[in-house]
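Participant: structure for this input, please:
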Amino acid sequence: MNHQTPSGPATGCPVAHGEGATRLYGTQAATDPHGIYARLREEHGSVAPVLLEGDVPAWLVLGYRENRRVLDNPLQFSRDSRIWRDFRDGRVDATSPLIQMLGWRPDCVSQDGEPHRRLRGAVTDNLYAVAGRGIRRHVTHFAHKQIDAFADAGRADLVADFAEYLPMLVLTRVFGLAEGEGRSLAESSNLVIKGGADALTHNDRIMGILGELAARRRAEPGSDFTSGLIEHHAGLDEDEIVQHLRLVLITAHTMTSNLLARALQLVLTETSWLSGLVSGQLNLSAVVEEVMWNTPPLAVLPGRFATADLELGGCPVKEGDLLVLGLAAGNHDPGIRPDPGVSVQGNASHLAFSSGPHECPGQNMGQAIIETAVDVLLHRLPGLRLAVPPEELTSTASTWESRLDSLPVEFTV
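Facilitator: Numbers count the residues shown, from 1 in each chain. Have a look, this model is predicted:
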């Protein structure tokens, strides 16, 4: 832990960006991110100074209301990283692993206003189109194929054998990619999100595969997401097409695989949830909603950049400062959840899908993948149960997410 005694206002917030900052990466961040969030909240309040990989300074937004303010106000908190002062002034290298998550690209996530609306429209139109072309059929096909590989063994790891790759296999069909690309693309996508020395290499690999895909589909259009982007009336150029393929592929896979693993964890560790699903008293959307509140697939969302000097949570945020959004911390804000043990069934106001103009456009497709996958699994594996005590399950976090390491199960053959 790298923190000093904070100075500044009574909130505990420092008077300068990066002063008294805590590292949001490293050993403790990987094993106890919620412990860090709790300590930061106690020391600083709803906004805290942190250091990202490479000791890059940022404000971590911990409060639910403060997260909503940032997400819902792009005029004050832009997604355009070209105004990021530390990068603009040369303090963040272009090869930094952070650039894979924070760097500007010609995609809808990197822009606001009319450019954002134009590009997002192309993405949402085509996500709706592919979702209506049998997405649940694709999930069912690949779920059965994954289960076939371990069904006779009577035991499996539902992370490594199921959740880790299933969403990417579905996305290969949606994008018009070869099924054989699925596993390696899943691994590359996870490493881009994780960061570290290999992030740039894996990003380049993904971009190469998607560039070749776009060229093929331009020559031979199909009824897939890639062809839809190429043909959309928004008139995306070649770079915009490939960048949006990258954006959707990485985001959809990493978020959905993480969420699927967490949904299965909840079902198998809380017997009331499993019995409710089997008896029909509970539907899968309620399970997913509970997971969204308690373990959102992205714990920290990158990033926003202050367009002017302002105050947030008592902190003096300066023009060009980087803010990262603590979605997991915001969902556990004691101001809105004084008793985190109480179920949040029926409350969809979580931060897991972000909020405002940049709210995740693929959440319906992700929900369809998860609900179908869990349904197939429960029907295929009678007597499905956890093979270890729940307290033995572990997670590993990066700056941006916390992933379940494994989920060992047993079932009747």
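Participant: now do the helices in the stretch 251-400 of the chain.
Facilitator: Listed from the start of the chain, the stretch 251-400 of the chain has helices (DSSP state H, counting those that start in this stretch) covering 271-279, 284-294, 327-331, 363-380.
Participant: how far out from the middle of the chain is the least confident helix or strand in the chain by mean pLDDT?
Facilitator: Of all the helices and strands that make up the chain, helix 271-279 has the lowest average by mean pLDDT, DSSP states H and E, namely a mean of 83. In terms of Cα atoms, centre = their mean, to the nearest Å, the gap separating the centre of helix 271-279 from the centre of its chain is 27 Å.
Participant: and that helix, what does it pack onto?
Facilitator: For helix 271-279, the packing partners by 3 or more Cβ pairs under 8 Å, 6 or more residues apart in numbering; DSSP states H and E come out as helix 238-269, helix 284-294, helix 363-380. (Glycine included, C-beta is placed from N, CA and C.)
Participant: on that earlier part again, deepest-packed of the helices of the stretch 251-400 of the chain, please.
Facilitator: Comparing the helices of the stretch 251-400 of the chain by mean neighbour count (mean count of other Cβ atoms under 10 Å), helix 327-331 comes out on top with a mean of 26.
Participant: for that helix, name the packing helices and strands.
Facilitator: Based on contacts counted as 3+ Cβ pairs under 8 Å, 6+ apart, the elements that helix 327-331 packs against are helix 33-44, strand 56-61, helix 64-72, helix 284-294, strand 300-306.
Participant: so which of the helices of the stretch 251-400 of the chain comes closest to D55?
Facilitator: Comparison of those against D55 by Cβ to Cβ identifies helix 327-331 as nearest, at 20.9 Å.
Participant: which residue is the nearest non-sequential neighbour of P74?
Facilitator: Spatial nearest neighbour of P74, chain neighbours left out: D112 (4.4 Å); criterion: Cβ to Cβ, 6 or more residues apart in numbering.
Participant: phi and psi next, for the one you found.
Facilitator: Dihedral angles phi and psi of D112 (degrees, to the nearest 10) take the values phi -120, psi 180.
Participant: residues contacting it?
Facilitator: Contacts of D112 were listed using Cβ atoms under 8 Å, 6 or more residues apart in numbering, and they are 74-75, 78-80, 357.
Participant: just give me the closest of those residues to F305.
Facilitator: Taking Cβ to Cβ as the measure, F305 sits nearest to S78 out of the contacts of D112, at 5.2 Å.
Participant: I'd like the helices and strands packed on helix 271-279 as a markdown table, with distance to T201 and mean pLDDT appended.
Facilitator: A markdown table is the format used below for the helices and strands packed on helix 271-279 (distance: least, Cβ to Cβ, whole Å; pLDDT from 0 to 100):
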| stretch | distance to T201 | mean pLDDT |
| --- | --- | --- |
| helix 238-269 | 14 | 95 |
| helix 284-294 | 32 | 90 |
| helix 363-380 | 27 | 92 |
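Participant: export the ones you listed as JSON lines, with columns for distance to L322.
Facilitator: Listed next are the helices and strands packed on helix 271-279 as JSON lines, based on distance: least, Cβ to Cβ, whole Å:
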{"stretch": "helix 238-269", "distance to L322": "20"}
{"stretch": "helix 284-294", "distance to L322": "25"}
{"stretch": "helix 363-380", "distance to L322": "25"}
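Participant: and the residue nearest the centre of the protein?
Facilitator: Against the mean C-alpha coordinate of the chain, by Cα atoms, centre = their mean, the closest residue is L298 at 3.5 Å.
Participant: pLDDT averaged over the host helix or strand of G208 - what is it?
Facilitator: Following DSSP states H and E, the helix or strand that holds G208 is helix 199-219. Helix 199-219 shows a mean pLDDT of 94.
Participant: check which element follows that helix along the chain.
Facilitator: Downstream of helix 199-219, the first helix or strand assigned by DSSP H and E is helix 225-231.
Participant: buried residues of that next one, list them for me.
Facilitator: Applying a neighbour-count criterion of 16 or more other Cβ atoms under 10 Å, the buried positions in helix 225-231 are 225-230.
Participant: what element comes up after the helix or strand hosting L127 heading to the C-terminus?
Facilitator: Following DSSP H and E, one finds L127 within helix 113-131. Scanning the chain past helix 113-131 towards its C-terminal end, the next helix or strand to appear is helix 135-148 (assignment: DSSP H and E).
Participant: roughly how far apart are S398 and L245?
Facilitator: Look at S398 and L245: by Cβ to Cβ, to the nearest Å, they are 23 Å apart.
Participant: L377 now?
Facilitator: In this structure, L377 and L245 are separated by 29 Å, where distance is defined by Cβ to Cβ.
Participant: per-residue confidence at the residue of the chain most remote from its centre?
Facilitator: Relative to the average C-alpha location in the chain, and by Cα atoms, centre = their mean, no residue lies farther out than V413, which sits at 34.8 Å. Turning to V413, the model gives it a pLDDT of 90.
Participant: tell me if I'm right that G362 and T251 touch.
Facilitator: Yes - here G362 reaches T251: they are 7.1 Å apart, a contact under Cβ atoms under 8 Å.
Participant: I370 and A261 touch, don't they?
Facilitator: No - taking Cβ under 8 Å as the contact criterion, I370 and A261 are not neighbours in contact, 9.9 Å apart.
Participant: which elements pack onto the helix holding G208?
Facilitator: Counting by 3+ Cβ pairs under 8 Å, 6+ apart, the elements that helix 199-219 packs against turn out to be helix 99-102, helix 182-194, helix 225-231, helix 238-269.
Participant: for G35, which non-adjacent residue is spatially closest?
Facilitator: Using Cβ to Cβ, 6+ apart and skipping residues adjacent in sequence, the residue nearest G35 is Q28, 7.4 Å away.
Participant: and G326, by the same measure?
Facilitator: By the measure of Cβ to Cβ, 6+ apart, the closest residue to G326 outside its immediate chain neighbours is L62, 4.9 Å from it.
Participant: for the one you found, which residues are in contact?
Facilitator: When the contact criterion is Cβ under 8 Å, 6+ apart, the partners of L62 are 37, 40-41, 44-48, 313, 326, 329-330, 333.
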